[in-house]
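*Asks:* Test case, fold it:
(chains A, B and C)
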Amino acid sequence: MYLKNQWYVAATSAELGRELLQRWLLDEPYVMYRTEAGDPVVFDDRCPHRRFSLSKGVLAGDTLTCGYHGLSFAPDGACIRVPGQEKVPAQLRAHRIPVAEKHTWVWVWPGDPDKADEALIPDFHWMEEDGWTVNVGYRQIECNYQLLVDNLLDLTHETFVHAATIGHAELAQVPIEARRENGTVHVDRIVRACDPPPLFAQCVKFDGKVDRYQLIRFQAPSFVWIDARAVDAGTNDFDTGLRWEVMNAITPAAPNHLHYFWGVSRAFGYGDDSITERIQGAIEQTFDEDQEILEQQQRHLDLDGSEDMMTNVHNDRGVVLGRRLVEECIAAEAIG
Amino acid sequence: MYLKNQWYVAATSAELGRELLQRWLLDEPYVMYRTEAGDPVVFDDRCPHRRFSLSKGVLAGDTLTCGYHGLSFAPDGACIRVPGQEKVPAQLRAHRIPVAEKHTWVWVWPGDPDKADEALIPDFHWMEEDGWTVNVGYRQIECNYQLLVDNLLDLTHETFVHAATIGHAELAQVPIEARRENGTVHVDRIVRACDPPPLFAQCVKFDGKVDRYQLIRFQAPSFVWIDARAVDAGTNDFDTGLRWEVMNAITPAAPNHLHYFWGVSRAFGYGDDSITERIQGAIEQTFDEDQEILEQQQRHLDLDGSEDMMTNVHNDRGVVLGRRLVEECIAAEAIG
Amino acid sequence: MYLKNQWYVAATSAELGRELLQRWLLDEPYVMYRTEAGDPVVFDDRCPHRRFSLSKGVLAGDTLTCGYHGLSFAPDGACIRVPGQEKVPAQLRAHRIPVAEKHTWVWVWPGDPDKADEALIPDFHWMEEDGWTVNVGYRQIECNYQLLVDNLLDLTHETFVHAATIGHAELAQVPIEARRENGTVHVDRIVRACDPPPLFAQCVKFDGKVDRYQLIRFQAPSFVWIDARAVDAGTNDFDTGLRWEVMNAITPAAPNHLHYFWGVSRAFGYGDDSITERIQGAIEQTFDEDQEILEQQQRHLDLDGSEDMMTNVHNDRGVVLGRRLVEECIAAEAIG
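*Replies:* Purely as a prediction, here's the structure:
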C-alpha cells in the first residue's frame, strides 16, 4: 500500500531527454521522455492496444509511436493515429500521469491528477542553494522503501556499518531525541567532544575534538533531510567547521525494490573539486554498505512473512514515529 | 486451457531419431524416440515408478530402460521388466500418447486416444510440394501461444517491426478484410501499387511497383497459413513475381512458452540455394524481432494479471474472430 | 513437516571454528561459531532487533555483535548491550538452540530444548572406530530429504546409476528383504557368487566371485547405516575381503534442499592413503550420480504437485516401511 496522492522523484532532470527512459514506479512500468520544447512526459509503459512497451517505440517530434502495431500518441496521451482506420476512438489513450520538474529532479504524481498541486512538491532547495556545493547520486536497492527510511531515521548504525567514513564509536553511545511536529518527524542527536569521523577529518581541519550534530527531518512517506554539522568542541560557532545537508528522496519501484535519489549539499569548500570527489567516493561506499544490509534484511523479513518479528529499542523512537506517520497518511488517503 | 483432442507438432521428422529427445508439450514433459523400424514413440517423460526422467534412461533395441531403478518399457508403454521381481503388474505402464508423422513433422495427440484420427492432421502439404522449394525452422518463444497466433493474424506489425525484411509503410495503410468460413478464419489484405518490401526485391526482379497479397487462413487452435504474393502492379499475372506459402504450426509448451515450427515454401527460384539462404536469414531475423516483442508483451500481460487491458482496433478483426473460434472449440471439447 | 524433537547434524566438527558459519536447517537460517573455550553455539541467524544476519556481525571473545545497530549477545543468547540505552530488556535474546558434539559432527536439536537429551544422538561410532579408516564428505542436494532416504533404502539403483563404481548387473536380480524391528527399518540383500563391483575389485584382492552383503539400517527420520561386505564366494569368512560401514546423516535444509553428511569407515587397508584416495574419488562420483537423479526427480514431483503418482514395486518394501516409520514419528510428536 503506497501513498498515491504524492509527488515522487521519477528521474533526475539530467537523465531525462529525447531518449525513451523506462522505469518502474509504485509497482507499474512507465516510459518517460522530453518533448522538443523540453517538457517531461510520463506514460504507463504499456500500449493500450496490445500492452507492448511504449519505451521500445519511436519518438519522432513529440509523437511516440508504438513499435508493435504503430499506434501514435501525443504528449497529452491522446492517440492520434491507428494504422488501417481513419477515425481514432477518443477513449484510446496512453495513460499519462502528472509530471513536474523542481530542484534538479523530475517528479510524478501517481494518484488523482486533479490533486497534483506542484506546491506540494517536497522542498529540496538545498539541491541548488547559492554558495553551496552539491554531490548527487542515484541507485536502486532491492528492499521495501520503508527499510531505507528506517535506516535514515536511526543513524546509530553508522558506528557499526560506516566506521570507514561517517561512523565512530561515540555516536552509538548517545541516545537520540525524537518528536513529531507539524506533520513531520524530527530525530536529533548531539555528540559532544567526540573525535570527528574519518570523512569529516578528511574534509575539514578541526583543532581536536568536535561537537557533532545530526538533525533529521522526515516527511511522509519517504523524504529525509539530515542537517549534519561538526564544529570544534565547545565553540558553538556554526559558521565554521563542517555542515552539509543530506537529502534523500526515495521512490518505491516495487514491493521490495526502491529508487534512491540523493544529494549532499555542503556549506564549506565551495566548488573545491577535490573535496567533491572525496565526498562522492565516501558516500557511494557508505551507501554500498547500507545496500548490502538492507537487501539481506529484506530477505529475512520475506522469510518471516511479516515485520512482526522485529523488536524496537530506545533508538527506534524516530523509526516508530515515522512509520506511524506514514500509516496515518495512507489511512487518511484511503478514507479520501 | 488447451484444446486436447487435437494434433500438434512435437518435433520435426529430421530431429527425431535413436537419441532420446525430451520436450514439453501442453504443460507436460515428454520423451520421444524412434524404434529400430523407424516408428516414432512418445511417452510421458516421468517413469511411473519414481517419476525420474525416462529421457535420461537407455534405449536398447526398442526397449527404454529407466536410468534410476531399471524398469524397462516396450514401445507400446507396457512395462516388461522390474528388477527384483518376476511378475510385472499389468497396470505399470509408461504413459504413451498417439503419434503420427506427416508433412515432415511428427505429430502428437494429447487428448482421448480413441479420437486420434490421422485424417485430422492439419494440411501442410506445401511442406513437400513438387516444384516448390522450402525453408524450415523451429524456435521456442516465452509467451502464450495465442499471442503468436494474434501476431500472425494481424500483419500490420510488419510495417513497424519488420521494416528491414518484409515490412513497408504502405502495408499499414490498407485495412484488412476478415471473415469466418467453414470453421476457419480468413484475413485478407491487398496492397495495390506499392514498393516491394526489401526481401521481396532481393528475391525477385520487379519492374517497379507491385500489387501485394496477404491471404491468411487460421485453423484452431494454432495453425496459420499465409499465401503471400507480389506481382508487377496491375498485371494480375500470378504465374510471375513472388509467391510463397508461410506455414506456422504452434504447439503450447507451457502457459507462457511455445514451440514454433515453420516453413516457407516458394513457387519461384526452384532449388536456387542463394535465394534459399537469403530467405532463411531474413526469416530468422524477422522472427527474432517478433520474439522480442512477444516476450515483452507477455511480461506486461503477466503484470496486468489478465488480457482485459488490451483494446481492439479495426485491424484486430481477424484476431478477434480467431480467438472466438478457439474459445468455441475448447468449450465444445469441455462439453464432450 | 519435520520431526523437530530430534538431533540433526548441523556441521562437521572440523568446519566449525571462530569464523561465523551460516547454514539453513529445517527451513530456518542459523549462525554457528565456537566460543573461545571451543564450545559450539548455534543461534537463529536473524537479529531479534531488525532481523539482519547475525552471521554478518562480529565475534569478539565470546560475544557476537550485530553488524547493523550493534546489539551484542552472549553465548547463551542473552542480549548484553543495546547502543543508546543503559538497561537491556530481559526478553531481548538471540534465539539459541541446543547443540552437542559427537562422532566428529556438531548436532542441533530444533525442537523443545527441555527434551534435548544427548543420549538420543544417533550412534555413529564407526566414524571413530579403532583400527578402522574413515572417508568423510558433505554436500547439499536440491531435493526433499526423503528422496535421499528412499535412495539409500533401495540400492537396486546401484546397477543402473553406479555401474562405474559400486553397481553390477547381479545386484538388481536379487530381491531385498525388508523388516521393521525395534523402531528401525532393516533392508538386507545378499548376492551370492557375483562379480565384485569395480570399486571393490580396486580396493581388495578377491579370488574370483564374491558373496556380497548389503545390510541396511534406517532410523527415523533420516539416518542410514549400510554394513557392506564382500568375501570370496562360499567362504563365509568375514575377517577377510571388503567390509565398510557407509554412514549417512541427512538434515533437511528447506522443503527441497538437504544437507548430506556421510562417512565410509572401512575395516581393511588401515591407514592406506592410496585406498583412501581411491574411495574418496569413487564415492564423490557415486554421489554426483545420485544428486543429478534426485534433483531431476524432485523437479518432476514438484510438477506432479504430490508424490501420489509414484508407484511401488517389490524392492520399495524398505522405502515404504521407512516412510511409514517417519510418518508415525511425526504424528506422535504432533500429539505430544
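*Asks:* what ranges do the helices span in the stretch 201-336 of chain A?
*Replies:* Using DSSP state H, counting those that start in this stretch, the helices assigned to the stretch 201-336 of chain A run over residues A:273-304, A:317-335.
*Asks:* Can you convert those helices into a markdown table and add a column each for mean neighbour count and distance to chain B?
*Replies:* C-beta coordinates here come from the backbone N, C-alpha and C atoms, glycine included. Shown next, in a markdown table, are the helices of the stretch 201-336 of chain A (neighbours: other C-beta atoms under 10 Å in any protein chain shown; distance: least, C-beta to the nearest C-beta, whole Å):
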| stretch | mean neighbour count | distance to chain B |
| --- | --- | --- |
| helix A:273-304 | 17 | 20 |
| helix A:317-335 | 17 | 22 |
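*Asks:* So which bits of the stretch 51-200 of chain A are right by chain C?
*Replies:* Within the stretch 51-200 of chain A, the residues that sit near chain C (C-beta under 8 Å from any C-beta of the partner chain) are A:Asp150, A:Asp154, A:Thr156, A:His157, A:Thr159, A:Phe160, A:Val161, A:Ala172, A:Gln173, A:Val174, A:Pro175, A:Ile176.
*Asks:* Please list all residues in contact with A:Gln173.
*Replies:* A:Gln173 makes contact with A:Val191, C:Pro83, C:Gly84, according to C-beta atoms under 8 Å, 6 or more residues apart in numbering or on different chains.
*Asks:* how far away is the second one from chain A?
*Replies:* Between C:Pro83 and chain A the computed distance is 4 Å (C-beta to the nearest C-beta, to the nearest Å).
*Asks:* Surely A:Val185 touches A:Gly322?
*Replies:* Yes - contact criterion C-beta atoms under 8 Å: A:Val185 and A:Gly322 qualify, at 4.9 Å.
*Asks:* Enumerate the residues of the stretch 201-336 of chain A near chain C.
*Replies:* Contact residues, the stretch 201-336 of chain A versus chain C (C-beta under 8 Å from any C-beta): A:293, A:296-297, A:300-301, A:303-304, A:309-311, A:313-315.
*Asks:* so can I have TSV of the residues you listed showing pLDDT?
*Replies:* Below are those laid out as TSV (pLDDT from 0 to 100):
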residue	pLDDT
A:Ile293	98
A:Gln296	97
A:Gln297	97
A:His300	96
A:Leu301	96
A:Leu303	93
A:Asp304	92
A:Met309	91
A:Met310	92
A:Thr311	94
A:Val313	95
A:His314	95
A:Asn315	95
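*Asks:* and chain A, what are its domains?
*Replies:* A:8-115, A:125-335 (automatic domain parsing).
*Asks:* In TSV, list those domains along with distance to B:Phe287.
*Replies:* Formatted as TSV, the domains of chain A follow (distance: least, C-beta to C-beta, whole Å):
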stretch	distance to B:Phe287
domain A:8-115	15
domain A:125-335	31
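*Asks:* which of the residues of the stretch 51-200 of chain A next to chain C count as buried?
*Replies:* Buried members of these, scored by 16 or more other C-beta atoms under 10 Å in any protein chain shown, are A:Asp150, A:Asp154, A:Thr156, A:His157, A:Thr159, A:Phe160, A:Val161, A:Ala172, A:Val174, A:Ile176.
*Asks:* For chain C, what's the nearest residue on the stretch 51-200 of chain A?
*Replies:* As assessed by C-beta to the nearest C-beta, chain C sits closest to A:Ala172 within the stretch 51-200 of chain A, at 3.7 Å.
*Asks:* For the stretch 51-200 of chain A, which segments count as helices?
*Replies:* If you assign secondary structure with DSSP H, counting those that start in this stretch, the helices in the stretch 51-200 of chain A sit at A:145-153, A:157-161, A:169-173, A:198-203.
*Asks:* want to try TSV for these, with distance to B:Ala10 and mean pLDDT as columns?
*Replies:* Below are those laid out as TSV (distance: least, C-beta to C-beta, whole Å; pLDDT from 0 to 100):
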stretch	distance to B:Ala10	mean pLDDT
helix A:145-153	48	98
helix A:157-161	56	95
helix A:169-173	66	92
helix A:198-203	64	95
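*Asks:* Ok, which of those helices comes nearest A:Asp123?
*Replies:* Proximity to A:Asp123 (C-beta to C-beta) singles out helix A:145-153 among the helices of the stretch 51-200 of chain A, at 17.0 Å.
*Asks:* tilt between the closest one and helix A:273-304?
*Replies:* 130 degrees (axes from the mean of the first three to the mean of the last three C-alpha atoms, to 10 degrees).
*Asks:* what's helix A:145-153 in contact with?
*Replies:* A:141, A:157, A:178, A:185, A:187, A:216, A:218, A:221-222, A:224, A:226, A:248, A:250-252, A:258, A:260, A:290, A:293-294, A:297-298, A:301, A:318-319, A:322-323, A:326, C:50.
*Asks:* tell me the angle of that helix relative to helix A:317-335?
*Replies:* Angle of helix A:145-153 versus helix A:317-335, following the same axes, to 10 degrees, is 140 degrees.
*Asks:* Only the buried residues of helix A:145-153, if you could.
*Replies:* Those would be A:Tyr145, A:Gln146, A:Leu147, A:Leu148, A:Val149, A:Asp150, A:Asn151, A:Leu152, A:Leu153, for helix A:145-153 by 16+ other C-beta under 10 Å.
*Asks:* Closest one to C:Arg93 out of these, please.
*Replies:* Distances from C:Arg93 to the buried residues of helix A:145-153, taken by C-beta to C-beta, are shortest for A:Asp150, at 21.8 Å.
*Asks:* Measure how buried the closest residue to A:Leu20 other than its chain neighbours is and give me the count.
*Replies:* Closest residue to A:Leu20 apart from its sequence neighbours, by C-beta to C-beta, 6 or more residues apart in numbering or on different chains: A:Ser55 at 4.7 Å. Neighbour count for A:Ser55, taken as other C-beta atoms under 10 Å in any protein chain shown: 22.
*Asks:* B:Asn315 is in contact with A:Gln85, correct?
*Replies:* Yes - counting by C-beta under 8 Å, A:Gln85 does reach B:Asn315; the two are 7.4 Å apart.
*Asks:* between those two, which one's more packed in?
*Replies:* Neighbour count, other C-beta under 10 Å: between A:Gln85 and B:Asn315, B:Asn315 has more, with 26 against 12.
*Asks:* residues near the residue lying closest to A:Val204 once chain neighbours are set aside, how many?
*Replies:* Of all residues not flanking A:Val204 in the chain, A:Leu242 sits nearest, at 4.5 Å (C-beta to C-beta, 6+ apart). For A:Leu242, the count of nearby residues is 23 (other C-beta under 10 Å).
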